[in-house]
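Visitor: output the structure for:
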Amino acid sequence: RKRQPHNTTQHSDHTGQNSTYMWALKWTRQTLNYCLRHFVVTRRDRRSFGTLFGAPLLLAGVVVMELKGRVLVYSIVGCPHCLRAKNHLEQLGLPYTDVSLDKFPQCREEVRAITGRNTVPQIFFNAVHVGGNEELQKLSDAELQELVKEVRENEPPPDAPVPPDPLTAEEDDVAIGFHCEPDEYAMLVRELKESGLIKDRNYHLRTYRNCFVGREFVDWLVEKKGLEREEAVEMGQNLVERGFGHHVTDDHKFKDEMLFYRLLEDDSENALNAGVTAECQPRPAGELSEAIRKLILKIYSKHLSKDGKKVDYAGIGEDADFEEYVRLTAQLQRVSVSELSREEKLAFFINIYNAMVVHAYVRVGPPTNLWQRYKFFNVVSYIIGGYIYSLQDIENGVLRGNRKGVGQFSRPFAKDDPRLAVALERAEPLIHFALVCGAKSCPPIKTYSGQEVDKQLQIAAEGFLEGDDGILIDMKKKEVMLSKIFKWYKVDFGAHSEELLQWVHDHMPAGEKKSQLAELLGGKKYKLSYMSYDWEVNSK
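Guide: Sure thing, here's the model as predicted:
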């Protein structure tokens, strides 16, 4: 469009021509902005983008090749192996298109179908499937040059995978910087915390920390708000029923007596989400756990080194988005988990466990020895639905159906423990491949949903067993070497070695390794051993 003279009034947006133009310009900018955020594009394309937005965009310090073809990388957020692969391509000066399976989940089945793999990254040079980061790094000079020649001289053939339409991306549904309207009783909690009523109390030679007395609370409401005594008691009852507080031993409902009550947020000084009031109306558990997991992954990814090997946990702690994350975890205090289905419990507690590990690394630091690891998994906790859940409680109490964990002498939940009602009826072995990724390749799912959790867990198991961290087979020695996870939690997989290996076989993806294991199991002559476990901390 021609520019209007300075003294001429612009047409308003309701005029057909201007409205269409503005819509088209907005659509174009949004699409190109999306590409700049989510794709690494060729130097030629970057130059054209730069012209439109007024600044050239080039890969600093690296001469970027001009390609007729395309290098395509399928990845997920927070995957260190994906970052290493992309960093390697950038060092080589190879432009690539990055397709995030978080943003384009519809591509997962397609990637799995054409690669036969369940892990990311997956890398293509035109139609040539290279594999993951490990395969990319191991390419010889001759092999690499052949692939570079392919994408420099040839356009992508018809059988090459095609990047998805950017407009089909699932947008990030974690709203940062926006807060809910506070629950009316959250405002009361604020005032109560400032009233001076909350203090340590002594009774029968025992100290109850951070408590307030029911009768004093009623007196305070009568004086401060001018309520009748019956109205003040009803307010105290509502405070308890809405999950903001409870009797210190859970023996009484709220009464106008010399009984001790405690705010839920003061239940444990060790809980990472303690000390913050859950001001919002309780959200559905599944929705909340997915939001928490997605936000911590988003923050984690920003502080992952370019080679994917180190995480700046101190930097995460100083990130403004991390404070938003802490406020979000406060909502766990009042979330309802007792009525969740088996699938919903799996997804909820896997997401929360993995998010809590990152949160703990930021707040208390990673454990560096055996004693610190024991303390870490038994002390690090969240207040969830009115009760304290440590990492150990979630893994062994809930997800393993209240079984003893490594180094434990008793079950996490006693018979009269109210958390026992939340535990799964039977242990789910697949959770061991979803609780924090430790393989050389990550499964292409980082956040689990109640609707698809069983399928997602199977994919995670296949991804783990596909790599050398899960299982190694030496056919000459007839030896099967498994991750130590299978030794620590052997009872979850089978009563004896043959059952264990049969379980592993049944959950492996099709391929040479699975065929080799089937052959050894058929001959019944094999040696089973376990690999050492690498506890190396990945912090900077």
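Visitor: check which element follows the lowest-mean-pLDDT helix or strand in the chain along the chain.
Guide: Lowest by mean pLDDT, DSSP states H and E among the helices and strands of the chain is helix 43-53, with a mean of 35. Next helix or strand after helix 43-53 toward the C-terminus (DSSP states H and E): strand 71-75.
Visitor: how many other residues sit next to residue 170?
Guide: 11 (other Cβ atoms under 10 Å). Every C-beta, even on glycine, is put in place using the N, C-alpha and C of the backbone.
Visitor: ok but it is inside a helix, no?
Guide: No. Going by DSSP: H, G, I helix; E, B strand; the rest coil, the assignment for residue 170 is coil, not a helix.
Visitor: roughly how far does it sit from residue 97?
Guide: Per Cβ to Cβ, to the nearest Å, residue 170 is found 18 Å from residue 97.
Visitor: what about the helices in the stretch 251-400 of the chain?
Guide: Ranges of helices within the stretch 251-400 of the chain are 285-302, 313-318, 320-329, 342-363, 370-379, 391-392, based on DSSP state H, counting those that start in this stretch.
Visitor: what's residue 208 in contact with, if anything?
Guide: By Cβ atoms under 8 Å, 6 or more residues apart in numbering, the residues touching residue 208 are 200, 201, 202, 248, 260, 262.
Visitor: go again with 7 Å.
Guide: 200, 201, 248, 260 (Cβ atoms under 7 Å, 6 or more residues apart in numbering).
Visitor: what's the burial count for the nearest residue to the third one once chain neighbours are set aside?
Guide: Spelled out, it's residue 248. In space, and not counting its chain neighbours, residue 248 is closest to residue 260: 4.5 Å by Cβ to Cβ, 6 or more residues apart in numbering. By other Cβ under 10 Å, the residues close to residue 260 number 16.
Visitor: go on, residue 185?
Guide: 20.
Visitor: which element is it on?
Guide: Here residue 185 is assigned to helix 184-194, by DSSP H and E.
Visitor: before we move on, what's the pLDDT of residue 140?
Guide: With respect to pLDDT, residue 140 scores 96.
Visitor: what about it, neighbour count?
Guide: 8.
Visitor: and the gap between it and residue 428?
Guide: Applying Cβ to Cβ to residue 140 and residue 428 gives a distance of 43 Å.
Visitor: now do the contacts for residue 306.
Guide: 83, 87.
Visitor: residue 107 - how many residues pack around it?
Guide: Neighbour tally, residue 107, other Cβ under 10 Å: 19.
Visitor: residues contacting it?
Guide: 74, 99, 101, 164.
Visitor: next step: those residues restricted to strands.
Guide: 74, 99 (DSSP state E).
Visitor: possible to save the contacts of residue 107 as JSON lines with distance to residue 414 and pLDDT?
Guide: Formatted as JSON lines, these follow (distance: Cβ to Cβ, whole Å; pLDDT from 0 to 100):
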{"residue": "74", "distance to residue 414": "46", "pLDDT": "96"}
{"residue": "99", "distance to residue 414": "49", "pLDDT": "95"}
{"residue": "101", "distance to residue 414": "42", "pLDDT": "91"}
{"residue": "164", "distance to residue 414": "51", "pLDDT": "94"}
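Visitor: now that we have the contacts of residue 107, which one has the most neighbours?
Guide: Of the contacts of residue 107, with other Cβ under 10 Å as the count, residue 74 tops at 27 neighbours.
Visitor: name the nearest of the contacts of residue 208 relative to residue 110.
Guide: Of all the contacts of residue 208, residue 248 has the smallest distance to residue 110: 55.5 Å, by Cβ to Cβ.
Visitor: residues near the closest one, how many?
Guide: Neighbour number of residue 248 under other Cβ under 10 Å is 19.
Visitor: next one, pLDDT for it please.
Guide: pLDDT, residue 248: 93.
Visitor: these two touch, right, it and residue 213?
Guide: No. The criterion here is Cβ atoms under 7 Å, and residue 248 misses it with residue 213 at 10.7 Å.
Visitor: now do the shared contacts for the two.
Guide: With Cβ under 7 Å, 6+ apart, residue 248 and residue 213 have common neighbours residue 260.
Visitor: quick one: contacts for the residue nearest the centre of the chain?
Guide: The centre of the chain sits closest to residue 293, judged by Cα atoms, centre = their mean, with a distance of 3.7 Å. Counting by Cβ under 7 Å, 6+ apart, residue 293 touches 351, 354, 355, 447.
Visitor: what do you get for residue 80?
Guide: Neighbours of residue 80 in contact, by Cβ under 7 Å, 6+ apart: 304, 308, 309.
Visitor: so for the second one, what's the pLDDT?
Guide: Here the pLDDT value assigned to residue 308 is 80.
Visitor: neighbours of it, just the number please.
Guide: By other Cβ under 10 Å, neighbour count at residue 308 equals 19.
Visitor: that one and residue 78 touch, don't they?
Guide: No. Using Cβ under 7 Å, residue 308 is not in contact with residue 78; the gap is 9.7 Å.
Visitor: measure the closest residue to residue 483 other than its chain neighbours to residue 276 for me?
Guide: Excluding the flanking residues, the one nearest residue 483 by Cβ to Cβ, 6+ apart is residue 470, at 5.3 Å. Using Cβ to Cβ, one obtains 39 Å as the distance from residue 470 to residue 276.
Visitor: which of the two has more neighbours?
Guide: residue 470 (26 against 16).
Visitor: can you tell me how far that one is from residue 107?
Guide: 24 Å.
Visitor: and what of residue 333?
Guide: 37 Å.
Visitor: per-residue pLDDT, the residue lying closest to residue 191 once chain neighbours are set aside?
Guide: Computed as Cβ to Cβ, 6+ apart, the closest residue to residue 191 that is not its neighbour in sequence is residue 224, at 7.6 Å. Per-residue confidence (pLDDT) for residue 224: 93.
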